[in-house]
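> One predicted model, sequence on top.
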Amino acid sequence: MNVGLEHYLVVSALLFALGLLGVITRRNLIVIYMSLELMLNSANLALVSFSRFNDNLNGQVMVFFIITVAAAEVAVGLALIVALYRKRQSAHVEDLTSMKY
Amino acid sequence: MGLPDILFYVLAAMTLLCGVLVVANPFSRNPVTSAMFLVLTIISMAGLFVLLNAFFLAAVQVLVYAGAVMVLFLFVIMLLDLKEEERRKVKKLGLIAGLVSVGAIVAIFVRSLLATMPGKDLPAPTRVGDTATLGKMLFTNYLLPFEIVSILLLVAMVGVILLSKKDLK
């Protein structure tokens, strides 16, 4: 069977699920951030494969923007984590409960 | 089965395997290991982009993600010195809840994919995803979003500088 759109979409879906699993189960803020990147990348893969199999380059432009926004998001998020670590000496989600109680 | 198909299977397996090792590495819970496997995931995904004729995006993926973003990640990991985080255990309840919800989402994905088969009656792809066309689109149809993204990057840069100041006012 030739590799078609469905194959790429399955890979993308599995990768998204992996990222989601990481966000839910891991307790380290930085690893959660990496799982988030995994999810963004799986969306990129889906968009690129749609763009390829529909003969339409709009999807690739979209991915270009997603990569840019993701880079900005990582910079801001990691700066937040560093600022948080300075205040709390921890990058662990279970130690960040001041808005919970 | 031609060479591109074999390459697809190899690269897809590598992407998923390294993705698993990012999220749940049985040998090490060190964030640096996760970051290294994330680099591998991103590089094999750039290979998939090449297979999909998205050459420019493959290059950008390697430059921006494997280069800039992962250096930032590693820099922060080293800066925070996260060694003591390794010892904590994953909670059972959280693990079960996570697996169930992720399983449900995968089931929805696969079912809808099988029900619709979106690639079934598409014509064979003809256009090569050349960079020149992409650049032209970026500077004609998508000029306004392009400029807005540049402002977003500026805003992010200002925000990061403000956040990393010693005393936030």
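Done, it's in.

> For stretch B:51-60, buried residues please.
Buried residues in stretch B:51-60, defined by neighbour count with 16 or more other Cβ atoms under 10 Å in any protein chain shown: B:51-58, B:60. All C-beta atoms are positioned from the backbone trio N, CA, C, and that covers glycine.

> Next, see if whichever strand or helix holds residue B:100 gets close to chain A.
Assigned by DSSP states H and E, residue B:100 falls within helix B:92-116. Yes: applying Cβ under 8 Å from any Cβ of the partner chain, one finds helix B:92-116 touching chain A at B:94-95, B:97-99, B:101-102, B:105-106, B:109-110, B:113.

> ok, of the residues you listed, which come out buried?
Buried members of these, scored by 16+ other Cβ under 10 Å, are B:98, B:102, B:106, B:109, B:113.

> Now pLDDT and distance to residue A:69 too, for these, in JSON lines please.
Shown next, in JSON lines, are those (pLDDT from 0 to 100; distance: Cβ to Cβ, whole Å):
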{"residue": "B:98", "pLDDT": "85", "distance to residue A:69": "26"}
{"residue": "B:102", "pLDDT": "89", "distance to residue A:69": "25"}
{"residue": "B:106", "pLDDT": "89", "distance to residue A:69": "26"}
{"residue": "B:109", "pLDDT": "87", "distance to residue A:69": "24"}
{"residue": "B:113", "pLDDT": "84", "distance to residue A:69": "27"}
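
> ok, and the helix or strand in chain B with the lowest average confidence?
helix B:92-116 (a mean of 87; mean pLDDT, DSSP states H and E).

> Whatever helix or strand comes next after it: which residues count as buried?
For helix B:92-116, the following helix or strand on the C-terminal side (DSSP H and E) is helix B:131-139. For helix B:131-139, a neighbour-count test (16+ other Cβ under 10 Å) marks B:134, B:137-138 as buried.

> Show me the contact partners of helix B:131-139.
For helix B:131-139, contacts defined as Cβ atoms under 8 Å, 6 or more residues apart in numbering or on different chains pick out A:57-58, A:60-61, A:64, B:55-56, B:146.

> Please report which of the residues you listed has the highest neighbour count.
residue A:60 (26 neighbours; other Cβ atoms under 10 Å in any protein chain shown).

> Report whether the helix or strand encompassing that one contacts chain B.
In the assignment (DSSP H and E), residue A:60 maps to helix A:58-88. Yes: applying Cβ under 8 Å from any Cβ, one finds helix A:58-88 in contact with chain B at A:58, A:60-61, A:63-65, A:67-76, A:78-83, A:85.

> Report how many residues lie close to residue A:21.
Here the count is done by other Cβ under 10 Å, and residue A:21 has 24 residues near it.
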